[in-house]
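Enquirer: Requesting a structural model of the entry that follows:
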Amino acid sequence: MESPPLPADPLLASALVGRGDTYEVRQYIAELDKKQDWTAMVQFAEKQQKRDPEGSDWGVVAGYGWMRSRDYAKAIAALSRVTQRNPEDVSAWSLLGETQRQAGQPGRAAQTLEHASIIGRTSYLTFFLLGEAYRDAGRLDRAVSAYREAVRLEPLFPRSWFELGSAQVRIGERKDAEAALEILQKLDPALAVRLKERIETKSK
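Expert: Numbering: from 1, shown residues only. Model prediction:
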């Protein structure tokens, strides 16, 4: 059986869980994401939702499309409707929190993502996004804790190691940051170069 394509953005991959029922649908959504055709993505998701108003909650994919087009108000409205219908939808909560962060509401985003992390204890993406929210809110100690959980759950996601090391540099945990750098060098050399520069700059 052919595996469904994994979109480059893990947020979209998460949003498609339980919604892209066929390979063709997942491929189509992945192509729209690659082309950054957010309008077509939203229209497709809303059409799918109308076919099953109380079921598959394609509003998560629509919310992703709105978020990527930076229409945060519509994204938050769409994702909030999904969380009201299905309070256990970790993808919806996580994407809602990330949308709030991008909309300049990191404190609110952290609250949303803390709730998401309780529902989805095994979602590395939720903890990564929680780290992003705490970082933007200036709570670097909590950001480090969230990133650590993210790398524990998924040690092969480079962005978690990069953000973990970057946050550790900022709070003075140089040795821990260097340990993160060592792992990152194997996963993503380009990101490793950026983290190394931050470590060296901080030490001057």
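Enquirer: Please export the C-alpha coordinates of the lowest-mean-pLDDT helix or strand in the chain as PDB.
Expert: Among the helices and strands of the chain, helix 10-15 carries the lowest confidence by mean pLDDT, DSSP states H and E, at a mean of 81. Output of helix 10-15 as PDB, limited to C-alpha atoms (Å, rounded to 0.1, in the frame of the first residue of the first chain):
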ATOM      1  CA  PRO A  10       4.100  19.200  10.200                       C
ATOM      2  CA  LEU A  11       1.300  21.500  11.100                       C
ATOM      3  CA  LEU A  12      -0.600  20.500   8.000                       C
ATOM      4  CA  ALA A  13       0.300  16.800   8.400                       C
ATOM      5  CA  SER A  14      -1.200  17.000  11.900                       C
ATOM      6  CA  ALA A  15      -4.300  18.900  10.500                       C
END
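Enquirer: after it comes which helix or strand?
Expert: As assigned by DSSP states H and E, the chain's next helix or strand after helix 10-15 is helix 23-35.
Enquirer: May I see the buried residues of that following helix?
Expert: Within helix 23-35, the residues scored as buried using 16 or more other CB atoms under 10 Å are R26, Y28, I29, A30, L32, D33. C-beta here means a position set from N, CA and C on the backbone, and glycine is covered the same way.
Enquirer: Export these as JSON lines, with columns for pLDDT and distance to A179.
Expert: Shown next, in JSON lines, are the buried residues of helix 23-35 (pLDDT from 0 to 100; distance: CB to CB, whole Å):
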{"residue": "R26", "pLDDT": "83", "distance to A179": "36"}
{"residue": "Y28", "pLDDT": "90", "distance to A179": "41"}
{"residue": "I29", "pLDDT": "89", "distance to A179": "37"}
{"residue": "A30", "pLDDT": "86", "distance to A179": "34"}
{"residue": "L32", "pLDDT": "93", "distance to A179": "39"}
{"residue": "D33", "pLDDT": "91", "distance to A179": "34"}
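Enquirer: All set now, cheers.
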